[in-house]
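Engineer: Below is the structure, and that's it, no one-letter string:
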């Protein structure tokens with residue numbers, strides 16, 4: 001790491017993002033991170049400095065091993081909330097928290113193992129509220145129940161996907177074990193038949209006159 005704690009270079013001469021939470025560096029195309037988590041930490045810190053809240057959005061998995069290889073990190077005001085009929089007229093309508101903001105970064109895992117920024121949209125379509133230095137709590141408290149519900153649903157959906165994948169792997173494993181057991185039983189029957197045949201031959205030899 002460099003003495004400034006901001007950027008170092010890898011063996012290819014490309015800059016690797018190693019920024020602390022107080023760094024003023026802005027995302028840029030080609031920016032590299034050691035991991036997906038490092039990209040999240042960096043953009044979350046950037047969001048705090050700029051005055052918005054980051055939300056972990058869409059992702060894509062590798063067709064080969066199922067690992068995440070593409071991730072989009074957005075402003076929490078991205079998209080629009082789906083309209084739902086109110087259950088009761090007495091309930092207060094929820095505050096508008098989604099305003100169609102396009103601000104985001106997209107990071108993709110390269111063959112080198114590094115995560116690279118492939119898209120960066122800086123502009124927001126709403127006012128930014130910069131929190132005092134080292135005061136992340138004020139931004140967290142500004143999250144509405146609607147946003148928390150969305151996050152819970154996202155995590156629940158991802159957990160369900162992982163459970164389905166685990167169940168599919170278990171099913172494949174059970175099939176392999178079943179095939180192995182059937183093959184073993186088949187071999188055992190063949191061996192028993194061979195032993196039986198040998199014994200019959202030996203028995204015939206024993207009873208033949210000299």
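Structural biologist: Everything's here; your move. What you see is a predicted model, and the numbers here were worked out from it, not measured in a lab.
Engineer: do you know how far residue 24 is from residue 49?
Structural biologist: 7 Å (Cβ to Cβ, to the nearest Å). Yep, even glycine has a C-beta here, placed from its N, CA and C like the rest.
Engineer: So which of these two has more stuff around it?
Structural biologist: Between residue 24 and residue 49, counted using other Cβ atoms under 10 Å, residue 49 has the larger neighbour count: 16 against 8.
Engineer: Now do the same contact list for that one.
Structural biologist: The neighbours of residue 49, taking Cβ atoms under 8 Å, 6 or more residues apart in numbering as the test, are 24, 130.
Engineer: Is it in a helix, a strand, or coil?
Structural biologist: Counting by DSSP: H, G, I helix; E, B strand; the rest coil, the backbone at residue 49 sits in helix.
Engineer: pLDDT value on it, please?
Structural biologist: Among the per-residue scores, residue 49 shows a pLDDT of 89.
Engineer: which one's the longest helix in this protein?
Structural biologist: Ranked by residue count under DSSP state H, the longest helix found in the chain is helix 145-207.
Engineer: Mind giving me the packing neighbours of it?
Structural biologist: strand 54-61 (3 or more Cβ pairs under 8 Å, 6 or more residues apart in numbering; DSSP states H and E).
Engineer: buried residues in the strand it packs on?
Structural biologist: Judged by neighbour count using 16 or more other Cβ atoms under 10 Å, the buried positions of strand 54-61 are 54, 55, 56, 57.
Engineer: The first one pairs with what?
Structural biologist: This points to residue 54. residue 75 (DSSP bridges).
Engineer: Quickly note the distance from it to residue 160.
Structural biologist: Look at residue 54 and residue 160: by Cβ to Cβ, they are 24 Å apart.
Engineer: neighbours around residue 99, how many?
Structural biologist: When neighbours are defined as other Cβ under 10 Å, residue 99 has 15 of them.
Engineer: That one - nearest residue in space that isn't next to it in sequence?
Structural biologist: residue 77 (4.5 Å; Cβ to Cβ, 6 or more residues apart in numbering).
Engineer: For the one you found, give me its contacts.
Structural biologist: Taking Cβ under 8 Å, 6+ apart, one finds 52, 97, 98, 99, 100, 101, 124, 125, 126 in contact with residue 77.
Engineer: Name the SS class of the last one, please.
Structural biologist: The reference is to residue 126. coil.
Engineer: picking that back up, put the buried members of the contacts of residue 77 into a ChimeraX selection.
Structural biologist: In ChimeraX syntax, the buried subset of the contacts of residue 77 is picked out as below (16+ other Cβ under 10 Å):
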select :52,97,98,101,124
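Engineer: May I have the secondary structure class of residue 102?
Structural biologist: Following three-state DSSP, residue 102 is assigned to coil.
Engineer: I figured it hits residue 120, correct?
Structural biologist: No. Between residue 102 and residue 120 there is no contact under Cβ atoms under 8 Å: 11.1 Å.
Engineer: Give me the more crowded residue out of the two.
Structural biologist: Each of residue 102 and residue 120 has its neighbours counted (other Cβ under 10 Å); residue 120 has more, 17 against 14.
Engineer: got any residues that touch both of residue 24 and residue 49?
Structural biologist: In contact with both residue 24 and residue 49: no residue, using Cβ under 8 Å, 6+ apart.
Engineer: still on that earlier bit, can you add pLDDT and give the buried residues of strand 54-61 back as a markdown table?
Structural biologist: Below are these laid out as a markdown table (pLDDT from 0 to 100):
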| residue | pLDDT |
| --- | --- |
| 54 | 92 |
| 55 | 91 |
| 56 | 91 |
| 57 | 89 |
